[in-house]
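Participant: generate a structure from the sequence data that follows.
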Amino acid sequence: MVSKMASADFYKILGVNENASASDIKKAYRELAKKYHPDVHKGDSQAENRFKEISEAYAVLSDAKKRAQYDQMRRFGGNTSSHFQNVNFEDLRDLFGGGFKRQRGAGGGFGSIFSDIFGSAADFSQPQKGRDIDAELTISFDVAISGGKQMITVNGRRLSVSIPEGFDDGKKIRLRGQGQPGLAGGAAGDLIITIHVAPHPIFSRKGADIYSTVPVNIVQASLGARVPVQTYDRGTVNLKIPAGIQHGKMLKLSGMGINLNGRRGDHYVQVELTVPKNLNAKAKKALEMFAQTAGIEYKPEES
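Facilitator: Okay, here's the model as predicted:
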């Protein structure tokens, strides 16, 4: 994702404008993720690449800080490397508050500049370790669970990253010796990669436990029912809905989570109560009779 941030139009990828709200961005992502998810297009490399682009775009635009950085990069032409070309060292005194003293002769040049910045004690003849590089990589929900090899491009280099199984969003992976080269024979720095897990259109995860939602209509909620629920890797199962269940209630499918570190987690299903928007005359009459029988007060629409 680091290599793409400078050039990719994440707003265009998600089909939203630059002033889109966080909720609009989330809505656009969910619609596109469902459309191009690998589970829907098994073996379709084009759909898989499209899904990765969508996930990368969402990972940036859904984070306020990353979105602000991305917008700033776009305003400056979208190429961060250009900010460090053709530097005029005469202007460095302006960058550091006029603290530089221009020196000529043997004591001047870059040596004096470095001394002013790093202090007179700095000895650039001694081996010094290179600086660490920070990078970011977005992986799919499935890869975060199962683990595997992923590729990342940093400063033109293609590197392989080993993702352990059950990896959580926001954790970091360190690739030793893949940072900036050292000075005077010093060791290279490290590459520190922050891993982002792309949201799944259906599931979320905490450890070995899986979470999802299931729509339940007013009849099913009132009388009880069995409704189909898609699990992560156990197919579709029938979930028992107790009579009188309320919106937001969490039900548990024991042992239907993922297998992680020798432990099988659970699958938690949150009930989402749905209300019909349009009733025919017969259904409306039946509902009115139910309300009268149950002693429920209501105000019908004015005719």
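Participant: how far away is Ile258 from Met73?
Facilitator: 37 Å (C-beta to C-beta, to the nearest Å). Where you see a C-beta, it was placed from the backbone N, CA and C, and this is true even at glycine.
Participant: who's more crowded, these two?
Facilitator: Legend: neighbour count by other C-beta atoms under 10 Å for Ile258 and Met73, higher for Ile258 (23 against 16).
Participant: so what's that one up against?
Facilitator: Applying C-beta atoms under 8 Å, 6 or more residues apart in numbering to Ile258 gives the contacts Ile145, Gly166, Arg205, Ala208, Ile210, Tyr232, Asp233, Arg264, Gly265.
Participant: so among those residues, which ones count as buried?
Facilitator: If you count burial by 16 or more other C-beta atoms under 10 Å, the buried members of those come out as Ile145, Gly166, Arg205, Ala208, Ile210, Tyr232, Gly265.
Participant: turn these into TSV, including distance to Gln180, pLDDT and secondary structure.
Facilitator: Shown next, in TSV, are these (distance: C-beta to C-beta, whole Å; pLDDT from 0 to 100; DSSP: H, G, I helix; E, B strand; the rest coil):
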residue	distance to Gln180	pLDDT	secondary structure
Ile145	33	96	helix
Gly166	31	94	coil
Arg205	35	97	strand
Ala208	38	96	coil
Ile210	41	98	strand
Tyr232	41	96	coil
Gly265	41	96	coil
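Participant: now those residues in CSV, with distance to Arg226?
Facilitator: Output for these, formatted as CSV (distance: C-beta to C-beta, whole Å):
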residue, distance to Arg226
Ile145, 28
Gly166, 31
Arg205, 25
Ala208, 26
Ile210, 20
Tyr232, 20
Gly265, 23
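Participant: can you tell me which of those is closest to Lys52?
Facilitator: Ile145 (16.6 Å; C-beta to C-beta).
Participant: go ahead and confirm the closest one touches Asp168.
Facilitator: No: Ile145 is beyond contact range of Asp168, at 10.5 Å (criterion: C-beta atoms under 8 Å).
Participant: which among the buried ones among the contacts of Ile258 gets closest to Lys249?
Facilitator: Nearest to Lys249 among these: Ile210, at 17.2 Å, using C-beta to C-beta.
Participant: list the beta-bridge partners for the closest one.
Facilitator: Legend: beta-bridge partners of Ile210 under DSSP bridges are Arg205, His267.
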